[in-house]
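Q: model the structure of this input:
(one chain, ligands or ions: 1)
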Amino acid sequence: MYKIVLMRHGESTWNKENRFTGWTDVDLTEQGVAEAVAAGQLLKKEGYSFDIAYTSVLKRANKTLNGVLEQLDQLWIPVVHHWRLNERHYGSLQGLNKAETAAKFGDDQVLVWRRSYDIPPPALEEGDERLTLNDPRYADMKPGEFPRTECLKDTVARFVPYWLETIAPVVKSGKRVIIAAHGNSLRALIKYLDNVADDEIVGLNIPTAQPLVYELDADLKPIKHYYLGDADAIAAAMAAVANQGKAKA
Ligand SMILES: O=C(O)[C@@H](CO)OP(=O)(O)O
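A: Sure, this is the predicted structure:
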């Protein structure tokens, strides 16, 4: 049996302002930093430690991971960054307030943009300053790989190959892995691991900085999964994430 830990970043400045974030590289809030520390303390209390960590190239996930590893006194372990773990690209919604967008286009349309499996938000236009093609962190991308927008299906298509080719063999080698990523990139991995139906993934919301343990069999098929934190607090945090896309929460 293998065990991996998945974790969404702590609260970011744009989570706090309720803005669509995607590939925008916003920082953690003070609360987000505190959430990372609390997650690290919880993992320590439960006896977790890791051999290697995987994270995105976005600072909210990177700093959350550091906050956790610091509590575990494991800042020294290898940390592998890859854009394939980035948040789902939110296209031209990036930067807009979610509740205001829902007031303008309706809660149902915003739910489609936020949670549908195969309908992407409107794409960024060529020349939009949010299309940060020359950012050095994306220098290894092949032409055409930089997304203009993504639905969850697109995020599955770019994250799952990385899981299969890079992370899964490391898990199978017996290394203890933590993945610090984002709400929708983790939904993409969970959809694949648990084989969640396209219409059921709409209801899955991931709370910030709550360690989610997956126990996997010899073929890396999930045996069970569970959050380490308080169940009521996690249920409330999941409901709060779901409500962020409503005109009136
Ligand atoms: O804005 C985003 O990038 C994501 C995660 O914060 O939001 P949502 O939960 O609306 O998909």
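Q: quick one: the most centrally placed residue in the chain from residue 217, how far?
A: Closest residue to the average C-alpha location of the chain: residue 182 at 1.4 Å, with Cα atoms, centre = their mean. From residue 182 across to residue 217, the span is 26 Å (Cβ to Cβ, to the nearest Å). Placement of C-beta: from N, CA and C, glycine included.
Q: same question for residue 70.
A: 32 Å.
Q: how about the closest residue to the ligand within the chain: what's its closest non-neighbour residue?
A: Closest approach between the chain and the ligand, counting by Cβ to the nearest ligand atom: residue 21, at 3.5 Å. Counting by Cβ to Cβ, 6 or more residues apart in numbering, residue 21 lies nearest to residue 14, which is 4.5 Å off, once chain neighbours are set aside.
Q: so the one you found belongs to a helix, correct?
A: Yes: assigned with DSSP: H, G, I helix; E, B strand; the rest coil, residue 14 falls within a helix.
Q: out of residue 70 and residue 217, which sits in the more crowded spot?
A: Shown here are residue 70 and residue 217; by other Cβ atoms under 10 Å, residue 70 has more neighbours (13 against 10).
Q: low-confidence regions, this structure specifically.
A: 249 (pLDDT under 70).
Q: strands of the protein, residue ranges please.
A: In the chain, strands defined by DSSP state E lie at 2-8, 52-55, 79-81, 177-181, 212-216, 222-227, listed in chain order.
Q: which residues sit against the shortest one?
A: Yep, that's strand 79-81 we're talking about. Residues outside strand 79-81 that contact it (Cβ atoms under 8 Å, 6 or more residues apart in numbering): 52, 53, 54, 55, 56, 57, 62, 65, 69, 137, 166.
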